[in-house]
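>>> what's the 3D shape of this:
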Amino acid sequence: MFKKMNLDHFFTLLGLIATAGALWFSSQNIRDTEKWKKGEFIVNQYEKFASDTAVIFAIKTLDYQSRFVNKQLGIITRDKVTLCLQPKPKGVDMKLNAMVRANFDQYLDKLSLFNRYEQSGLMTKEDIEPYIKYHIKLIAGPTEEENLKELQHELWGYIDRYEFNDVKQLCFLFGHDITVIDEKNK
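The predicted structure follows:
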């Protein structure tokens, strides 16, 4: 009924099975290495982002300090920063205005990179969420602090005026629509 398998065929079959197993094992190793490298890339990008002085300035303003001291400009309050983000700020020192806008430009530019990474498929929403959800919450999340609400509103207008569309898309990706409604045209 069954033919006897000759020894050469047996070893050939065994060799094919061993080769297939080695290829499968190698592909798993390569996938694991790629995941590890991707994770390292994400962490490195976030560390560069988070250690930037403009990002630190924006976080201080948005999150935990309603005022802080700058050696050159003195006391900087959240209210002054809010004024600087308006289209035509009035009653604000020119140096302060330039510094605030430069810092927020840099912060928003750097934050927008994460949207570009997500859009290109280099990173997924799940990859970046632990790192940038905090920033999205600060920019777009609900708050009870009145002066933070005002700052957020001016920041949304700033994002809109200067077309930081990647930041808008990133906020939308995480469930926040920061579209500015022009009260004059209602």
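>>> Ignoring the adjacent residues along the chain, who's closest to residue 63?
residue 138 (5.6 Å; CB to CB, 6 or more residues apart in numbering). Every residue, glycine included, has its C-beta placed from N, CA and C.
>>> From what I see, the one you found and residue 60 are in contact.
No - the pair residue 138 / residue 60 is not scored as a contact, 10.8 Å apart, by CB atoms under 8 Å.
>>> on that earlier part again, would you mind listing the buried residues in the host helix or strand of the residue nearest to residue 63?
According to DSSP states H and E, residue 138 maps onto helix 125-140. For helix 125-140, the neighbour count (16 or more other CB atoms under 10 Å) marks 127, 128, 129, 131, 132, 135, 136, 137, 138, 139, 140 as buried.
>>> Which of the helices and strands in the chain ranks last by mean pLDDT?
Ranking every helix and strand in the chain by mean pLDDT, DSSP states H and E puts strand 67-70 at the bottom, with a mean of 72.
>>> Now tell me what touches that strand from outside.
For strand 67-70, the external contacting residues (CB atoms under 8 Å, 6 or more residues apart in numbering) are 60, 75, 76, 77, 78, 99.
>>> Which members of those residues are the farthest-apart pair?
78 and 99 (14.7 Å; CB to CB).
>>> tell me the domain boundaries of the chain?
9-40, 52-185 (automatic domain parsing).
>>> who wins for proximity to residue 46 among those?
Ranking those by proximity to residue 46 (CB to CB) places domain 52-185 first, at 4.3 Å.
>>> Check which helices and strands the strand or helix carrying residue 25 is in contact with.
Following DSSP H and E, one finds residue 25 within helix 7-50. Where contact means 3 or more CB pairs under 8 Å, 6 or more residues apart in numbering; DSSP states H and E, helix 7-50 is packed against helix 94-120, helix 125-140.
>>> Quick one: mean pLDDT for the longest one?
Model confidence over helix 94-120, given as mean pLDDT, is 96.
>>> Buried residues, that helix. List them.
Neighbour-count burial for helix 94-120 flags 96-97, 99-101, 103-104, 106-108, 110-112, 114-115, 117-118 (criterion: 16+ other CB under 10 Å).
>>> Specify the angle between that helix and helix 125-140 in degrees.
150 degrees (axes from the mean of the first three to the mean of the last three CA atoms, to 10 degrees).
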